[in-house]
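Chemist: with the sequence up front, the predicted model follows.
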Amino acid sequence: MRLDGKVAVVTGAGGGIGHSVCERFLAEGARVVALDINEAAAADSVGSAALASGQALALRCDVGESDDVQSAVGRTLATFKELNTVVNIAGGSTSRDTRVTDVPEDEFWSTIRRDLFGTFLLCKYGIPPIIAAGGGSVVNYTSMMALVGSPGRDCYTAAKGGISSLTRSMAVEYAADRVRVNAIAPGLTLTPRVKERYETSPQVQEVGQRHLLGPCQPIDMAHMTVYLASEEARVVTGQIFPVESGATIQ
């Protein structure tokens with residue numbers, strides 16, 4: 001088992017990618033703390049068997065609330081005694097997001113809070129116990145939209161671009177503490193929510209056509225997350241990994 005004995009906190013655990021990450025981490029021997037603003041969805045991602053056996057914990061957490069994040073890290077340490085990995089998946093955008101000159105200002109701040117500030121908070125409170133455990137891994141989630149020019153999503157691209165930059169700076173800052181920090185930049189990923197849009201929206205279908213090997217699945221992100229959390233990636237840090245079926249190379 002590639003993550004045997006490791007303790008991981010996963011935000012956005014109730015979403016499609018978070019669900020797959022939790023399943024793969026548990027299958028690889030990790031103990032998982034699943035965080036989501038919807039506690040029932042987080043519990044579903046780890047499953048009743050893992051909860052009953054003590055291999056997993058599911059908690060409600062608004063990643064944009066400092067008290068929630070601190071409480072979640074505290075519960076993790078109280079339950080499992082250490083922390084080795086944090087995975088920052090929570091985020092997203094809304095239909096209000098558009099170009100800079102048209103988007104409401106409150107949409108910008110809510111997107112920054114959900115995506116960038118949420119990642120910042122879990123790193124702020126999660127990295128110290130990782131250092132105390134002798135080092136470990138931080139896996140952030142940015143987006144392929146932070147790597148290419150993407151019209152009509154200026155709040156989201158700003159937030160995800162910030163995550164990419166934060167990933168690189170933290171990789172330098174915490175290398176001496178044996179903390180590796182990397183990010184995954186997913187392409188169009190057919191989570192249940194996105195799949196519904198993909199089947200009905202010509203614009204989303206057009207994006208999918210740029211994916212050379214077809215749209216991504218949540219399990220594709222989970223496989224990369226397991227690798228970055230494992231000792232196989234022990235000298236990999238400060239990198240942004242596009243997992244996007246070649247969509248950004250055209």
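Modeler: Noted; the coordinates are in hand.
Chemist: show me where pLDDT drops low in the protein?
Modeler: Applying pLDDT under 70 to the chain flags no residue at all.
Chemist: please name every helix or strand in contact with the longest strand seen in it.
Modeler: If you go by DSSP state E, the chain has its longest strand at strand 179-186. With contacts taken as 3 or more C-beta pairs under 8 Å, 6 or more residues apart in numbering; DSSP states H and E, strand 179-186 sits against helix 118-132, strand 136-141, helix 154-173, helix 218-229, strand 240-243. Bear in mind the C-beta positions are built from the backbone N, C-alpha and C, glycine included.
Chemist: so which residue is dead centre in this structure?
Modeler: Ile89 (1.9 Å; C-alpha atoms, centre = their mean).
Chemist: surely that one is in contact with Gly12?
Modeler: Yes: with contacts defined as C-beta atoms under 8 Å, Ile89 counts as touching Gly12 at a distance of 3.6 Å.
Chemist: tell me how far Gln70 lies from Thr76.
Modeler: Distance, Gln70 to Thr76, using C-beta to C-beta, to the nearest Å: 11 Å.
Chemist: and Glu232, how many residues sit next to it?
Modeler: Glu232 has 11 neighbouring residues, counting by other C-beta atoms under 10 Å.
Chemist: cool, Ser45 as well?
Modeler: 26.
Chemist: how about the most far-flung residue of the chain relative to its centre, secondary structure?
Modeler: Taking C-alpha atoms, centre = their mean, the residue of the chain most remote from its mean C-alpha position is Thr101, at 28.9 Å. With DSSP: H, G, I helix; E, B strand; the rest coil as the basis, Thr101 sits in coil.
Chemist: look up how far Gly152 lies from it.
Modeler: 12 Å.
Chemist: and if you look at Pro186?
Modeler: 18 Å.
Chemist: and the residue lying closest to Thr189 once chain neighbours are set aside, what is it in contact with?
Modeler: Leaving aside its sequence neighbours, Thr189 sits nearest to Cys216 (C-beta to C-beta, 6 or more residues apart in numbering; 4.4 Å). Cys216 makes contact with Pro186, Gly187, Leu188, Thr189, Leu190, Val243, Glu244, Ser245 under the criterion C-beta atoms under 8 Å, 6 or more residues apart in numbering.
Chemist: from these, which would you call buried?
Modeler: Among those, the ones that count as buried by 16 or more other C-beta atoms under 10 Å are Pro186, Gly187, Leu188, Thr189, Leu190, Val243, Glu244, Ser245.
Chemist: returning to that earlier point: buried deepest among the helices and strands packed on strand 179-186, which one?
Modeler: Ranked by mean neighbour count, the helices and strands packed on strand 179-186 are led by strand 136-141 with a mean of 26 (mean count of other C-beta atoms under 10 Å).
Chemist: please enumerate residues in contact with that one?
Modeler: 6, 12, 17, 83-89, 91, 119, 123, 126-127, 130, 163, 166-167, 170, 178-184, 186, 221, 225, 228-230, 233.
Chemist: mind putting the helices and strands packed on strand 179-186 into CSV with distance to Gly29?
Modeler: Output for these, formatted as CSV (distance: least, C-beta to C-beta, whole Å):
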stretch, distance to Gly29
helix 118-132, 18
strand 136-141, 15
helix 154-173, 26
helix 218-229, 11
strand 240-243, 23
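Chemist: out of those, which is closest to Gly64?
Modeler: helix 118-132 (5.2 Å; C-beta to C-beta).
Chemist: the helix or strand where Ser20 lies to strand 179-186, inter-axis angle?
Modeler: Ser20 is located in helix 16-27, with elements delineated by DSSP states H and E. Helix 16-27 runs at 130 degrees relative to strand 179-186, counting by axes from the mean of the first three to the mean of the last three C-alpha atoms, to 10 degrees.
Chemist: one step back: so which of the helices and strands packed on strand 179-186 comes closest to Glu23?
Modeler: When those are compared by C-beta to C-beta, helix 218-229 sits nearest Glu23, at 7.1 Å.
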